[in-house]
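Undergrad: Provided below for reference: sequence and predicted model.
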Amino acid sequence: MDVIWLNENPTISYPYSYRLRRNLNSWLISFQTRLKTERVFGYPRHVIVDLINVCGLKCPICPNGRGEIPRPPTRMTTDLFRRIMRTLGPYTYTLTLTNWGEPLNHPNLLDLLAIARKYPCYIGFSTNLQHLPDDLLDGLILSGLDEIGVSIDGATATTYNQYRVGGDFSLAMTHLRRLVDRRRELNSKKPKIRWQVLLNRFTENETTDIIDLAASTGVDSIMFIPILIDISRMFTHDPMDRLARDGQWLPETERFNAYDRRTGRLKGDPRFCPKLWDSVVIHPDGSMSPCCAVIDPKDDFGHFPHDNRFRSVWNGPSYRRARGRMAGRRKTPSGTVCEHCINHGVMIF
């Protein structure tokens, strides 16, 4: 079992199909990111599609758990997802099918996975694993899904319940073992199963126990992720204000803590965000955002077009202004959500 610390990316392999087109696109994106161009002629390599924005848990510093996402409950239609994949699928390296919602609650999840699997991207999503009926269990394993991230923050119910409010630790563990066991019964190598843990002041003292418990279940890897605070106000409030609101959740062990407590900013004070060049987030209604932390629809950069003219948004005014400001070429404020990161340092990994 691999143990991955501090949000280091796991090593993943990609299918061969469409390799030339996808790799040429990746080279173009890398080149234009280095040049920091305002217009991008390639397509995003990393695509986050939030299939459904309803979760069911009440995690205390998650915008969804706090009820602070000003978007109506929505699930993505099959037609919209098919159009997204037809446009972006041939160029996508990683396709993540969750952002603020619980993908296992989407009634057409297996149909959507079948559409996605026609393309050579690495497909994965995260789940709280509170819902896993037998037919969905087998369907997930046989769908060709590459990876499932299972969010279980703790080795005990006491620790788990501190953050996963409304969740059932025993139920999550039961479903995890069913998933591992059924994959073995079906003699399948997929999906890879990754246990993921938010490092906070409760989980930091259980890391050894969590690793031992994860190993006993037969998961492929475990990832410890530094917790991000006050995401709801990430782009509207000063870093120290956000630290005052949620700082009590940060681990005391400094190597587990992502923030500089003196400034409220991420350690290292990063100032450049490549997401504007190589990533896109698409919400259930088709609205598009530059990163996964954008929760307010007024900050979206556009809507996935119905006429297959993706670049009309990808190179539209919001993206061009934000890239120009991030590159340091434009001196006038961009009027976009990215302005906060430009002024205060990048707020998210």
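TA: Noted; the coordinates are in hand.
Undergrad: low pLDDT regions in the stretch 201-349 of the chain?
TA: Residue ranges of the stretch 201-349 of the chain with pLDDT under 70: 349.
Undergrad: for the residue sitting nearest the centre point of the chain, which non-adjacent residue is closest in space?
TA: Nearest to the geometric centre of the chain sits residue 99, at 5.1 Å (CA atoms, centre = their mean). Excluding the flanking residues, the one nearest residue 99 by CB to CB, 6 or more residues apart in numbering is residue 50, at 3.7 Å. The C-beta positions use only the backbone N, C-alpha and C, and glycine is treated the same way.
Undergrad: contacts only, for the one you found.
TA: If you count contacts by CB atoms under 8 Å, 6 or more residues apart in numbering, residue 50 has them with 76, 97, 98, 99, 100, 101, 281, 282, 283, 284.
Undergrad: check residue 153 too.
TA: 159, 160, 162, 163, 164, 197, 198, 200, 202, 203.
Undergrad: now render these as a markdown table, adding distance to residue 216.
TA: Converted to a markdown table, those look like this (distance: CB to CB, whole Å):
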| residue | distance to residue 216 |
| --- | --- |
| 159 | 17 |
| 160 | 16 |
| 162 | 22 |
| 163 | 22 |
| 164 | 20 |
| 197 | 15 |
| 198 | 21 |
| 200 | 23 |
| 202 | 21 |
| 203 | 18 |
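Undergrad: just the ones in helices from these, please.
TA: Here DSSP state H is the test, and the contacts of residue 153 give 159, 160, 162, 163 as lying in helices.
Undergrad: mind checking which of those are buried?
TA: Neighbour counting over the ones in helices among the contacts of residue 153 (16 or more other CB atoms under 10 Å) leaves 159, 160, 162, 163 as the buried ones.
Undergrad: next one: the closest residue to the first one other than its chain neighbours from residue 5, what distance?
TA: The one in question is residue 159. Of all residues not flanking residue 159 in the chain, residue 202 sits nearest, at 4.9 Å (CB to CB, 6+ apart). Distance of residue 202 to residue 5, computed by CB to CB, to the nearest Å: 17 Å.
Undergrad: show me where the stretch 51-200 of the chain has helices.
TA: For the stretch 51-200 of the chain, helices defined by DSSP state H, counting those that start in this stretch occupy the ranges 78-88, 109-116, 134-142, 157-163, 169-185.
Undergrad: widest-spaced pair of the contacts of residue 153?
TA: 162 and 197 (12.4 Å; CB to CB).
Undergrad: spit out the residues that contact those two alike.
TA: Joint contacts of residue 162 and residue 197 (CB under 8 Å, 6+ apart) are 153, 154.
Undergrad: okay, now residue 287: neighbour count?
TA: By other CB atoms under 10 Å, 20 other residues sit near residue 287.
Undergrad: ok, residue 178 next?
TA: Using other CB under 10 Å, the number of residues around residue 178 comes to 14.
Undergrad: for residue 202 and residue 5, indicate the residue with more neighbours.
TA: residue 202 (19 against 14).
Undergrad: isn't that one right up against residue 154?
TA: Yes. At 6.8 Å, residue 202 counts as touching residue 154 under the criterion of CB atoms under 8 Å.
Undergrad: and for the two, which residues touch both?
TA: 162, 163.
Undergrad: quick one on the thing from earlier: which pLDDT value belongs to the residue nearest to residue 99?
TA: Looking at residue 50, its pLDDT reads 98.
Undergrad: buried sites along stretch 169-185?
TA: Using 16+ other CB under 10 Å as the test for burial, stretch 169-185 gives 169, 172, 173, 175, 176, 179, 180, 182, 183.
Undergrad: need the contact list for the third one.
TA: If I follow you right, that is residue 173. Residue 173 sits next to 152, 217 when contact means CB under 8 Å, 6+ apart.
Undergrad: which element follows the helix or strand hosting residue 242 toward the C-terminus?
TA: Following DSSP states H and E, one finds residue 242 within helix 239-246. For helix 239-246, the following helix or strand on the C-terminal side (DSSP H and E) is helix 275-278.
Undergrad: using PDB, write out every CA atom in the helix or strand just after that following helix.
TA: For helix 275-278, the following helix or strand on the C-terminal side (DSSP H and E) is strand 279-282. What follows is strand 279-282 as a C-alpha-only set of coordinates in PDB (Å, rounded to 0.1, in the frame of the first residue of the first chain):
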ATOM      1  CA  SER A 279      -7.700  23.100 -15.900                       C
ATOM      2  CA  VAL A 280     -11.400  23.700 -16.000                       C
ATOM      3  CA  VAL A 281     -14.300  23.100 -13.600                       C
ATOM      4  CA  ILE A 282     -17.800  22.400 -15.000                       C
END
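Undergrad: list the neighbouring strands of strand 279-282 plus their orientation.
TA: Strand 279-282 pairs in its sheet with strand 46-49 (parallel), strand 287-289 (antiparallel), by DSSP bridges.
Undergrad: redo the ones you listed as JSON lines? Include distance to residue 56.
TA: Converted to JSON lines, the strands paired with strand 279-282 look like this (distance: least, CB to CB, whole Å):
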{"stretch": "strand 46-49", "distance to residue 56": "19"}
{"stretch": "strand 287-289", "distance to residue 56": "22"}
